[in-house]
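Need the 3D shape of this:
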Amino acid sequence: MGLVMYSNDMNKKKDLVSQILDGFDNNFAEIFNNLQTTNTTLNKNYSIKNGEKQTVIEIEMPGTKASDVEVSHLDGIVTVSWKSRGKSLQEKFRVEKELDVLNAQAKVEDGLFTLFLDRVKPEVPKSNKIPVK
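Numbers count the residues shown, from 1 in each chain. Reported below is the predicted structural model:
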């Protein structure tokens, strides 16, 4: 009759094929969740690596020098602009509040731009008393 597993919740039999398919679905979803951090478009290649202590953004910029790159931030958006082969290019990234944009570090080396954003503990809102007159 083969290997059969019983479900106590619904009193139904669950065969080995169903178990394998469930495992496949879980692994398939996990693989795609991990792939979402790397993105490629026609004009530029970039990756975002989220770690416990730091987020690192890398952008391929062949033939670009550090003097050709400008990085700015406004309202939770980091903008990286650069010139490459006579073209002006730009990439924007929404930044989490837990990332320290003010103390970020960036470099260009061998055609690879790297932006390092350290994670900081979010400030706990302080309670202030308002005097009542």
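
When you work out contacts or count neighbours from here on, use the C-alpha atoms and nothing else.
Fine.

Leu102 versus Val95, what's the distance?
The gap separating Val95 from Leu102 is 12 Å, by CA to CA, to the nearest Å.

Neighbour count for these two, which is higher?
Val95 (17 against 10; other CA atoms under 10 Å).

What does the more buried one show for phi and psi?
Backbone dihedrals for Val95, given as degrees, to the nearest 10, come out at phi -110, psi 130.

what sits against it?
Applying CA atoms under 8 Å, 6 or more residues apart in numbering, we find Val95 in contact with 76-78.

Could you check which helix or strand contains Val80?
strand 77-84 (DSSP states H and E).

What helices and strands are in contact with that strand?
Here strand 77-84 touches strand 69-74, strand 87-94, going by 3 or more CA pairs under 8 Å, 6 or more residues apart in numbering; DSSP states H and E.

Break the protein into its domains for me.
Residue ranges for the domains of the chain, per automatic domain parsing: 1-36, 41-118.

ranges for the helices of this protein?
For the chain, the helices defined by DSSP state H cover 16-35.

where does it have low pLDDT?
1-44 (pLDDT under 70).

what number of residues lie near Asp118?
19.

nearest spatial neighbour of it, skipping sequence neighbours?
Distance criterion CA to CA, 6 or more residues apart in numbering; nearest residue to Asp118, sequence neighbours excluded, is Gln54 at 4.3 Å.
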